[in-house]
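can't give you the sequence, but here's the structure:
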């Protein structure tokens with residue numbers, strides 16, 4: 001079965017088991033997974049996630065049980081290439097558009113959870129223009145305190161795909177804790193992608209993304225909120241990279 005073949009292509013890096021897939025393979029995997037009747041979720045880690053996983057046990061459990069783990073951050077992809085693992089970069093935007101395309105083609109229903117209502121409405125408007133046959137069955141902002149009404153609303157429309165953009169690690173922990181209560185097939189955790197698609201946050205130009213400085217672009221846009229995450233987190237990430245390189249060297253010389 002295609003799902004089993006895909007699931008065997010895993011690469012361990014920073015203690016995380018990444019799935020070595022192209023975006024087209026992800027699309028095929030999700031289609032097969034939905035049709036199989038299983039239930040799961042997809043995470044897209046960057047360098048910040050890697051650092052957080054080292055000190056947050058609950059967050060690590062979320063990753064250990066994820067259906068797919070896809071490398072979003074460019075630094076992770078670079079390290080994987082240095083170590084000859086060759087992970088492909090698949091961003092939250094990539095996977096959202098890819099799976100909306102799949103949903104439009106196959107008639108799968110989608111639901112959006114996260115951000116502000118005005119932002120999600122803009123996202124839906126843009127996606128409907130790109131995918132006229134996309135079945136969007138609902139949305140809810142991400143600033144709720146009572147989980148039950150949100151879960152009940154999602155379950156009432158039974159989406160095959162639930163896109164969740166509530167920020168890390170909140171979105172990951174929420175899906176992990178409530179997956180068994182959700183009448184969905186797969187949840188896709190996309191972080192701040194809703195704001196990027198809606199245009200309320202500007203993504204870094206492609207050349208900045210390609211040289212691995214997208215974090216700096218975000219930092220200068222929101223310095224008060226992100227300085228600790230990036231300036232301290234990136235320093236820790238560098239040490240984790242060195243640790244991985246040493247491990248690889250020691251394995252080669254055994």
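Yes, it's here. It should be emphasised that the depicted structure is a prediction, and the values quoted were computed from it without experimental measurement.

Can you give me the neighbour number for residue 192?
Other residues near residue 192 come to 19 when the count uses other Cβ atoms under 10 Å. For every residue, glycine as well, the C-beta is placed using N, CA and C.

what residues are up against it?
Contact partners of residue 192, counting by Cβ atoms under 8 Å, 6 or more residues apart in numbering, are 92, 165, 167, 201.

I figured the last one hits residue 191, correct?
This points to residue 201. No - Residue 201 is not in contact with residue 191 according to Cβ atoms under 8 Å; the separation is 10.9 Å.

The two: which is more packed in?
Each of residue 201 and residue 191 has its neighbours counted (other Cβ under 10 Å); residue 191 has more, 25 against 15.

Which helix or strand contains residue 187?
Using DSSP states H and E, residue 187 maps to strand 186-189.

on contacts alone, who are the packing partners of that strand?
Under the contact definition 3 or more Cβ pairs under 8 Å, 6 or more residues apart in numbering; DSSP states H and E, strand 186-189 sits against helix 23-36, strand 40-43, helix 92-106, strand 161-165, helix 170-178.

try it again with 10 Å
Applying 3 or more Cβ pairs under 10 Å, 6 or more residues apart in numbering; DSSP states H and E, we find strand 186-189 packed against helix 23-36, strand 40-43, helix 92-106, strand 109-114, strand 161-165, helix 170-178.

of those, which approaches residue 127 most closely?
Taking Cβ to Cβ, helix 92-106 is the member of those nearest to residue 127, at 5.6 Å.

The closest one versus helix 23-36: what angle between them?
Here helix 92-106 points in a direction 50 degrees away from that of helix 23-36 (axes from the mean of the first three to the mean of the last three Cα atoms, to 10 degrees).

what packs against helix 92-106?
Secondary-structure packing of helix 92-106 (3+ Cβ pairs under 10 Å, 6+ apart): helix 23-36, strand 40-43, strand 109-114, helix 117-130, strand 135-140, strand 161-165, strand 186-189, helix 193-198.

out of these, nearest to residue 245?
Across the helices and strands packed on helix 92-106, residue 245 has its closest neighbour in strand 40-43 (24.3 Å, Cβ to Cβ).

can you list contacts of the closest one?
Strand 40-43 is contacted by residues 16, 19, 26, 29-30, 33-34, 49, 59, 62-63, 65-70, 72, 90, 92, 95, 99, 161-162, 164, 168, 171-172, 175-176, 179, 182, 184-191 when judged by Cβ atoms under 10 Å, 6 or more residues apart in numbering.

partner strands of it, parallel or antiparallel?
strand 68-69 (parallel), strand 186-189 (parallel) (DSSP bridges).

which of these sits most buried?
Each of these was scored by mean neighbour count; the highest is strand 186-189, a mean of 27, by mean count of other Cβ atoms under 10 Å.

average model confidence for that strand?
With pLDDT averaged residue by residue, strand 186-189 scores 98.

Which strand residues bridge residue 135?
Residues in a beta bridge with residue 135, per DSSP bridges, are residue 109.

ok, the nearest residue to residue 66 once chain neighbours are set aside to residue 246 distance?
Nearest residue to residue 66 in three dimensions, chain neighbours excluded: residue 43, at 4.8 Å (Cβ to Cβ, 6 or more residues apart in numbering). For residue 43, the distance to residue 246 equals 26 Å [Cβ to Cβ, to the nearest Å].

higher neighbour count, those two?
Per other Cβ under 10 Å, whichever of residue 43 and residue 246 has more neighbours is residue 43, with 26 against 10.

Distance of the more buried one relative to residue 187?
Distance of residue 43 to residue 187, given as Cβ to Cβ: 10 Å.

Tabulate the helices and strands packed on strand 186-189 (a markdown table), appending mean pLDDT and distance to residue 53.
Below are the helices and strands packed on strand 186-189 laid out as a markdown table (pLDDT from 0 to 100; distance: least, Cβ to Cβ, whole Å):
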| stretch | mean pLDDT | distance to residue 53 |
| --- | --- | --- |
| helix 23-36 | 96 | 21 |
| strand 40-43 | 98 | 10 |
| helix 92-106 | 97 | 18 |
| strand 109-114 | 98 | 21 |
| strand 161-165 | 98 | 18 |
| helix 170-178 | 97 | 10 |
